[in-house]
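>>> just the structure for this:
(chains A and B)
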Number of protein chains: 2
Amino acid sequence: MSKPLDDTHDQNARTWVESARRPGHDFPIQNLPFGVFRRRGRNEAPRIGIAIGDEVLDLARVVSQGLLDSLEQPIREALVANNLNPLLALGRDAGSQVRAEVFELLLEDVPAARRPADCLVPVANAELLLPVDIGDYSDFYASLHHATNVGSMFRPENPLLPNYKYVPIGYHGRASSIVVSGTPVRRPLGQTKDDQATGPVFGPSRGLDYESEIGCYLALGTSLGGQVVLADAEQYLFGVCLLNDWSARDIQRWEYQPLGPFLAKSFATTVSPWVVTFDALAPFRQPAFDRPAGDPDPLPYLANERDRRSGGIALTVEVYLESDKMRAEGIGPMRLSRGSLGSMYWTMAQLVTHHASNGCNLRPGDLIGSGTISGETKESRGCLLELTWRGSDPISLPTGELRRFLQDGDEVILTGYCERDGFARIGLGECRGSVVAA
Amino acid sequence: MSKPLDDTHDQNARTWVESARRPGHDFPIQNLPFGVFRRRGRNEAPRIGIAIGDEVLDLARVVSQGLLDSLEQPIREALVANNLNPLLALGRDAGSQVRAEVFELLLEDVPAARRPADCLVPVANAELLLPVDIGDYSDFYASLHHATNVGSMFRPENPLLPNYKYVPIGYHGRASSIVVSGTPVRRPLGQTKDDQATGPVFGPSRGLDYESEIGCYLALGTSLGGQVVLADAEQYLFGVCLLNDWSARDIQRWEYQPLGPFLAKSFATTVSPWVVTFDALAPFRQPAFDRPAGDPDPLPYLANERDRRSGGIALTVEVYLESDKMRAEGIGPMRLSRGSLGSMYWTMAQLVTHHASNGCNLRPGDLIGSGTISGETKESRGCLLELTWRGSDPISLPTGELRRFLQDGDEVILTGYCERDGFARIGLGECRGSVVAA
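All right, here's what the predicted structure looks like:
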């Protein structure tokens, strides 16, 4: 399904950027994720960069030095834009070409004349911005375990609905409130109703939660009325990020029928700043989730042997929490869970094919969320709703504090990475957000 | 709530544009809706226009002739843009100023030197485009009658959910597939499951329907974490259009739980090309829908005496259908229904206030749909699902054809207008779409 492995996946490749040679770094030379940044303290337009170690490679400057002249003109033009959309519109292969060329420029043995001069900005001096102007954001619900857990809380008699194993369930999300890692998230106000109460009240949510997800930015686009056959779907997948689909459970519970979650989700969605390409993820592809015996086969439009064999990604996502008190006491964040994108019932390719199956046009820069990544074990549950079983089994923090749902001052940190013997570790960076009072 | 009536609402105002003097025209001088057009056969950038009679007034050209120099520079700049977004971003009052100035230029007794020269394009020579780059599209469900009817079909034991009279129910829609009137709509493919079948099949929808709605474009914007108090909400309402929220009922029925409609809606949404301002609608404001005795009061954030007194709009929406056979036989379209925006349970201001109540940021150019406009009577039901009661009571067309749901070749035409003694009729134009085969 994905492209064959090449030199850019060689774990022995070494770069002249020293900070990227530290073992276990998220951004070794084998990764080279795309982002958009602005130097701190400068009133400059956003610029496209590539993360390498603790630095950001300023691509506009690399282009201006003529070091990417082997790329076609439209690609070079896309690299001096203010966001990644023009590059995404050129298709996934354009990104592959840029990554391959930049890889060559950053290799230890690149001739001095080919080494970009004065193009590295320490990430500490860079303000990382939302990398893409997101047209539409759609969020899926692709973890069977998450759907089953949540369903059994809200509909104990009927936890998993009959459509789940046939339809990659999704909903339209809100694009305007997608923010980049580090943006504070204000506790939402909304209508909630206690079971015993006769009517709802309006006030701050008391059930604020995170959802640990992977987001996928689309390259290319489709025309209205078009389709994406599953065998081609990977061509539409540009790269991934971490995504926190903040959710107000008490608002959601009262509003969600019959049209689904709305204000329970639209107050904020946080994404990590770096877009890790599917090229960088190539060594970590694996078979799609193994459907339990007795589950129906996917309908033919969602079935493809290559996707079954390699549509999955062994990508680990971890969630950490740091309360105000933990911060004050210098304890540092505590890990709440560790899950894997590989445990999802549907592959990213299946999500894209399903999304376009009704003729809905996809646009370059659209963002697709995986849905909460929860596995079979308690340790792998990707939200507090599941971890605390709707508050009935609170989490103890090292400070002695208890958490059923998020409190003001809590910071939620998602991290993600791929590891496999014989290959360099590929990281996704961080997706952070702190809760501020309503 | 709305501004006081002024000269632009005088029914005796006469324009020198002859086609606009025809009684009953949608676009008299008292209307002056905004749109975006391109002259047919010219490879030119989209231009902002105002509809007057059978013509489009080319605003960029009017500006270039210095006839709008009394407007501030940012407003004049917004009028030479390629869409309405810059004008919307300046706020509702900017649109009011433009409408008032253009009104003066089009009055019969305007001095010859102030009459725009060569600025009118016959609408037959204009390609009308989507007027706004829509960031986010949210669709509501504001008709109590529609919600009750649909609910009683899908959940006979529980037609109206307990949240309905408290929460203005809405969902995020798909922005990419919003198209302008006249764009063909391809019948969507999707998963459907008959009640008797053991599993779903994938194929063309056999339950294609329209939904007759009003769309509202927002001016201004709010910051993430901000709010819109109801008393201020009308400042965010720029203007309205007709909106057909095409829906595939069989796909919707199988997919919609638990996250709401997704592919059943996202294949297309059609809007009329002209944005009729709330200023033009000022004479037709009326009290908000009179809640039935025993209904709860709105929660305080959704309650405001001015909104109760004048938050409604007496805007009639009609739906016509023309089948291929009706077209071939020259019969012309048949009216299927006539409803009123005034029958909606929630006002547009309440929808905006609710939408922003959780801190979700609104952006200029966001589109809000009212939800299907259905009244108490059968004649006022705004979709086939309700009119044919899910196909059990088909509609007879004059050709002898029957309609449960839409057939290929069917054209759906929405029209809308306001009428009141002592005032010029204000029309919304047309919102057309023909169904083409899957």
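>>> for A:Arg335, which non-adjacent residue is closest in space?
Nearest non-adjacent residue to A:Arg335, counting by Cβ to Cβ, 6 or more residues apart in numbering or on different chains: A:Tyr320, 5.3 Å away. Just so you know, the C-beta spots here come from the backbone N, C-alpha and C atoms, and that holds for glycine as well.
>>> helix/strand/coil for the one you found?
Taking DSSP: H, G, I helix; E, B strand; the rest coil as the rule, one finds A:Tyr320 in the strand state.
>>> might you report the residue contacts of the closest residue to chain B within the stretch 1-150 of chain A?
Residue nearest to chain B within the stretch 1-150 of chain A: A:Asp136 (5.2 Å; Cβ to the nearest Cβ). Residues in contact with A:Asp136 (Cβ atoms under 8 Å, 6 or more residues apart in numbering or on different chains) are A:His172, A:Ala175, A:Arg363, A:Asp366, A:Leu367, B:Arg174, B:Ala175, B:Ser176.
>>> name the helices or strands packed onto the longest strand anywhere in chain A?
Taking DSSP state E as the criterion, chain A has its longest strand at strand A:426-436. If contacts are counted by 3 or more Cβ pairs under 8 Å, 6 or more residues apart in numbering or on different chains; DSSP states H and E, strand A:426-436 sits against strand A:185-186, strand A:237-244, strand A:269-271, strand A:276-277, strand A:411-418.
>>> what would those strands look like in TSV with mean neighbour count and mean pLDDT?
Compiled in TSV, these are given as follows (neighbours: other Cβ atoms under 10 Å in any protein chain shown; pLDDT from 0 to 100):
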stretch	mean neighbour count	mean pLDDT
strand A:185-186	22	98
strand A:237-244	28	98
strand A:269-271	27	98
strand A:276-277	27	98
strand A:411-418	24	98
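>>> quick one: closest of those strands to chain B.
For these, distance to chain B was read as Cβ to the nearest Cβ. The smallest value, 3.9 Å, belongs to strand A:185-186.
>>> hmm, that closest one in reach of chain B?
Yes: against chain B, strand A:185-186 shows contacts by Cβ under 8 Å from any Cβ of the partner chain at A:Arg186.
>>> that strand pairs with which strands?
Taking DSSP bridges as the criterion, strand A:185-186 forms sheet pairs with strand A:426-436 (parallel).
>>> output the strand it pairs with as PDB, nothing but the C-alphas.
Extracted in PDB, the C-alpha atoms of strand A:426-436 (Å, rounded to 0.1, in the frame of the first residue of the first chain):
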ATOM      1  CA  ILE A 426       9.700   8.500  14.500                       C
ATOM      2  CA  GLY A 427       8.000  10.900  16.900                       C
ATOM      3  CA  LEU A 428       4.900  13.100  16.500                       C
ATOM      4  CA  GLY A 429       6.000  15.700  19.000                       C
ATOM      5  CA  GLU A 430       3.500  16.900  21.600                       C
ATOM      6  CA  CYS A 431      -0.100  18.100  21.700                       C
ATOM      7  CA  ARG A 432      -0.600  20.200  24.800                       C
ATOM      8  CA  GLY A 433      -3.500  22.100  26.200                       C
ATOM      9  CA  SER A 434      -4.300  23.600  29.600                       C
ATOM     10  CA  VAL A 435      -7.800  24.100  31.000                       C
ATOM     11  CA  VAL A 436      -8.600  27.600  32.000                       C
END
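>>> hang on, the earlier thing: nearest to B:Val412, of the helices and strands packed on strand A:426-436?
Minimum separation from B:Val412 across these (Cβ to Cβ) falls at strand A:269-271, 34.6 Å.
>>> and that closest one, what does it pack against?
strand A:178-180, strand A:237-244, strand A:426-436.
>>> may I see the buried residues of the last one?
Of the residues in strand A:426-436, those buried by neighbour count under the rule 16 or more other Cβ atoms under 10 Å in any protein chain shown are A:Ile426, A:Gly427, A:Leu428, A:Gly429, A:Glu430, A:Cys431, A:Arg432, A:Gly433, A:Ser434, A:Val435.
>>> contacting residues around the fourth one?
Read it as A:Gly429. The contact partners of A:Gly429, taken as Cβ under 8 Å, 6+ apart, are A:Asp26, A:Phe27, A:Pro33, A:Ala51, A:Ser181, A:Leu242, A:Ser272, A:Pro273, A:Trp274, A:Thr415, A:Gly416.
>>> mind putting these in JSON lines, distance to A:Asp69 included?
Output for the contacts of A:Gly429, formatted as JSON lines (distance: Cβ to Cβ, whole Å):
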{"residue": "A:Asp26", "distance to A:Asp69": "30"}
{"residue": "A:Phe27", "distance to A:Asp69": "25"}
{"residue": "A:Pro33", "distance to A:Asp69": "23"}
{"residue": "A:Ala51", "distance to A:Asp69": "23"}
{"residue": "A:Ser181", "distance to A:Asp69": "34"}
{"residue": "A:Leu242", "distance to A:Asp69": "34"}
{"residue": "A:Ser272", "distance to A:Asp69": "31"}
{"residue": "A:Pro273", "distance to A:Asp69": "28"}
{"residue": "A:Trp274", "distance to A:Asp69": "26"}
{"residue": "A:Thr415", "distance to A:Asp69": "37"}
{"residue": "A:Gly416", "distance to A:Asp69": "34"}
